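1. output the structure for:
(one chain, ligands or ions: 1)
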Amino acid sequence: MKLSHHITHLTGDSDGWDVFYRARRMIRDGHEVTELTIGEHDIRTDLSILAAMDVSARGGHTGYAMVPGTDSLRDTVAARVQARTGVPTTRDNVLITPGGQAALFAAHTAACDPGDVGLFMDPYYATYPGTIRAAGAQARAIQTRAEDSFQPRAGLIEEQAAGAVSLLINSPNNPTGVVYSAQTLSDIAGLCQRRNFWLISDEVYDTQVWEGSHISPRSLPGMDQQTLVVGSMSKSHAMTGSRCGWIVGPETAIEHLINLATHTTYGVPGFIQDAAEFALNAGTALEDKISAPFIRRRAIAIDILSRQHVIHLVPAQGAMYLMLDIRATGLSGEAFANALLDTHAIAVMPGESFGRSAAGHIRVAMTVEDEKFAASLGILCDFAAGLAQKSGAA
Ligand code: PMP
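-> Numbering: from 1, shown residues only. A predicted model of the protein is given here:
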């Protein structure tokens, strides 16, 4: 049977995840591999959250839940967003979704008609182009530069904005770890207002900021009317498997998004929503507990990297990743990652997996325990030094 062009062309270009799949095959075949690849915590969902989930499920919250989300979770998310950004927010500005990923798809469906262009910043989280295409739009990557520490430039976005109706940004950023500055966000807001773009702001790492501060562009003057914020329990509360996230936006947009949810996801399980509500109300101590390993490992990495001159660390301001510039080794990110896997059984992601802008870089996820992390990073640095010496480039 013929499958639609739409679904068979969601992705297609080489996805650049060969190293990741190769590492997984090696593990399956019994090899020991240190995986510094994907963005999943090495701790599991806190037992207190699971207890709340259990109480809710046993209490009977296992039937169809309210499609927009339970009133009390929507209120909790609204209050949290208002407290963090100062923007008046009520439950009518909130739709609960099955994770940030579903929110990204819904937001683009709200913003784009078939054939419209949806812009996104390169380097990018792997699903972005496919998500924009899934919503029927054309996905157009806008390059950022290592020399600018991957802060987007509004001027460069504007040069490539023909036909665009939306711009997707992500701060704190996966894969670079960069937090967008006040200036970057104000320039982007100005651009969106001039061109009448929806700004889709992926803020799933908003509790993981190590340097500077997180600014939600929805809080910039006038932007609450044209920003759709994507949030999630996955990263802040180590609830990746629970699939619970949200969109925050103008009331009219949320009304239509609820209609979309009725015809696609039909909501999020009630016991998951109750667990999320518990977690959000548990205060910052729980979030800090989840962030603590990344703060420790970032400090470990800065110390190890400061003792060598071959690898350059892109400012690691937030999220659970380090972006390392390995161009002084003379290898591409992909060649470096493959060679490191072959020689030392350490798996990292090539920068090229996240688009063209991060070529010559690798992304290291800080998601293995401290000692192993430190040892692996030490090996990685020695490996890079050896390569640089060989190539005479350092
Ligand atoms: N956005 C970014 C930048 C991410 O890194 C991820 C997950 N890795 C997501 C969205 C989606 O997260 P989830 O669907 O688990 O909320």
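
2. from here on, contacts and neighbour counts on C-alpha atoms
-> Will do.

3. average pLDDT across the regular element (helix or strand) spanning residue 84?
-> Assigned by DSSP states H and E, residue 84 belongs to helix 71-85. Mean pLDDT, helix 71-85: 97.

4. can you give me the offset of it from its chain's centre?
-> 21 Å (Cα atoms, centre = their mean, to the nearest Å).

5. residues near the closest residue to the ligand within the stretch 101-250 of the chain, how many?
-> Here the stretch 101-250 of the chain gets closest to the ligand at one residue, residue 101, 3.7 Å apart by Cα to the nearest ligand atom. By other Cα atoms under 10 Å, 22 other residues sit near residue 101.

6. close to the ligand, is stretch 105-113?
-> No. Stretch 105-113 is not in contact with the ligand by Cα under 6 Å from any ligand atom; minimum separation 10.2 Å.

7. mind listing what's buried in that stretch?
-> 105-112 (16 or more other Cα atoms under 10 Å).

8. for residue 69, see how far away the residue of the stretch 101-250 of the chain closest to the ligand is.
-> Residue 101 sits at a distance of 16 Å from residue 69 (criterion: Cα to Cα, to the nearest Å).

9. mind listing the helices for the stretch 101-250 of the chain?
-> Residue ranges of the helices in the stretch 101-250 of the chain, as given by DSSP state H, counting those that start in this stretch, are 128-134, 154-159, 182-195.

10. deepest-packed of those, please.
-> helix 128-134 (a mean of 23; mean count of other Cα atoms under 10 Å).

11. and residue 60, how close does it get to residue 6?
-> From residue 60 to residue 6 the distance is 39 Å (Cα to Cα).

12. ok, back up a step: need the helices of the stretch 101-250 of the chain in CSV with distance to residue 50 and mean pLDDT, can you?
-> Below are the helices of the stretch 101-250 of the chain laid out as CSV (distance: least, Cα to Cα, whole Å; pLDDT from 0 to 100):
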stretch, distance to residue 50, mean pLDDT
helix 128-134, 30, 97
helix 154-159, 43, 96
helix 182-195, 37, 97
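
13. who wins for proximity to residue 346 among those helices?
-> Relative to residue 346, the nearest member of these by Cα to Cα is helix 128-134, separated by 26.4 Å.

14. and that closest one, what does it pack against?
-> Other elements packing on helix 128-134 under the criterion 3 or more Cα pairs under 8 Å, 6 or more residues apart in numbering; DSSP states H and E are helix 5-8, helix 99-111, strand 117-122, strand 138-143.

15. quick one: contacts of it?
-> For helix 128-134, the surrounding residues in contact (Cα atoms under 8 Å, 6 or more residues apart in numbering) are 6-7, 10-11, 104-105, 108, 118, 120, 138-141.

16. neighbour-wise, which one of these leads?
-> residue 118 leads the contacts of helix 128-134 on contacts (other Cα under 10 Å) with 30 neighbours.

17. related to what we said a few turns ago, tell me the buried residues in the helix holding residue 84?
-> So, applying 16+ other Cα under 10 Å, buried residues of helix 71-85: 73-79, 81, 85.

18. check which element follows it along the chain.
-> Next helix or strand after helix 71-85 toward the C-terminus (DSSP H and E): strand 94-97.

19. CA-only coordinates of that next one, as PDB, when you get a sec.
-> Extracted in PDB, the C-alpha atoms of strand 94-97 (Å, rounded to 0.1, in the frame of the first residue of the first chain):
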ATOM      1  CA  VAL A  94      -2.400  26.400  29.700                       C
ATOM      2  CA  LEU A  95      -2.900  23.100  27.800                       C
ATOM      3  CA  ILE A  96      -1.400  20.000  29.400                       C
ATOM      4  CA  THR A  97       0.200  17.700  26.700                       C
END
